[in-house]
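>>> coordinates for the following, if possible.
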Amino acid sequence: MTCVLRWAVTSCVILAPTAVLAQDKVFDSNGLQIRYLEQGAGEPIVLVHGRGGTLQGWIDNGVLPNLAKDYRVIALDCRGHGRSGKPHDPKQYGPEMALDIVRLLDHLGIRKAHIVGYSMGANITAQLLVMHPDRFLTATLGGSAGRFKWTAQDDQLFEQEAAETEQWGFSPSMALRLAPPDAPKPTEEENKRRSATLLADSNQDRRAMAALVRSFREQVITSAQIAAVGVPTMGIAGSADPLLESLRELKKLRPALKLEVIDGATHDGQRDVKRRPEFVAAIRVFLAAHRQTLLQ
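Alright, predicted model coming up:
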């Protein structure tokens, strides 16, 4: 049964980021430098950010410092993002983004971990559950269910988003696709300002991001594959997130999926679900239900 979480949360969840975090590091992932950081101690959790984000987002929204109170939290800049390597070849993305996480676990000597992915990170996580289910204790899919459907329309859609990203540094079409139905559409002036900010950011590479988008077809998994996954999995999204429907479709394929819906929250923006205290509270409840002997 789907659970809708309201504004009130009975447990006290502090989302303010802590002032001091562990120094970030890099490791070699099959020839590409990947930035990551660790914080806390306990069962390991990997946090995987969304498209256009970095590991800093998990700090800013308070999720990383909150979980680090009781867990060993590992966050990375996915390839193409932040301070990680940014190849311009689409073949360097797709499944390679999932394998980066497996290689990071190997680098850290971690046999099994929990994983929390959001949006793009959820799509990477869903592919990992098919490729390497033995490496994960639990999985949380935030704001997306994975790519278990693909049509010719998707080819056209993502090519348009890739072309826009090459020109603007971001995709206005994607912004519209993920916008809540009650939100005003961004104006041309707002898009220009956002583009100027991104193009001036030395950590942003529009050609790398376009290559990433052109690799999305290579992240596709079949409905049969995702239905066969045995790793305990939770889906979580805002009620105003257009991608919530993909998680509802996934629940039909995997009835054991725990689905949490946070009332009024959106995919990103001012009502970003990840900034709501219910988001990290739901993750904590889910992880607590699946605590295991530390496997490192």
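>>> averaging pLDDT per element, find the lowest-scoring helix or strand in the chain.
strand 3-5 (a mean of 46; mean pLDDT, DSSP states H and E).
>>> packing partners for whichever helix or strand comes after it?
Elements were assigned by DSSP states H and E; along the chain past strand 3-5, the next helix or strand is strand 25-29. Applying 3 or more CB pairs under 8 Å, 6 or more residues apart in numbering; DSSP states H and E, one finds that strand 25-29 makes contact with strand 32-39, helix 95-108. Glycine gets a C-beta too; all of them are placed from N, C-alpha and C.
>>> now do the longest one: which elements does it pack against?
Same thing as helix 95-108. On a contact count with 3+ CB pairs under 8 Å, 6+ apart, helix 95-108 meets strand 25-29, strand 32-39, strand 44-48, strand 72-76, helix 120-131.
>>> kindly report the same for the shortest one.
Packed against strand 32-39, as judged by 3+ CB pairs under 8 Å, 6+ apart, are the following elements: strand 25-29, strand 72-76, helix 95-108.
>>> can you check the distance spanned by stretch 123-139, start to finish?
11 Å (CA to CA, to the nearest Å).
>>> check which residues of it are buried.
Residues of stretch 123-139 classed as buried: 123-131, 135-139 (neighbour count, 16 or more other CB atoms under 10 Å).
>>> ok, then the element right after the biggest helix by length in the chain?
Using DSSP state H to define each element, the chain has its longest helix at helix 152-168. The first helix or strand that comes after helix 152-168 along the chain, using DSSP H and E, is helix 172-178.
>>> flag every buried residue along that following helix.
172, 174, 175, 178.
>>> just stretch 56-70 next, same as before
Residues of stretch 56-70 classed as buried: 56-59, 61-68, 70 (neighbour count, 16+ other CB under 10 Å).
>>> repeat for stretch 196-208
Neighbour-count burial for stretch 196-208, counted by 16+ other CB under 10 Å, picks out 198, 204, 205, 206, 208.
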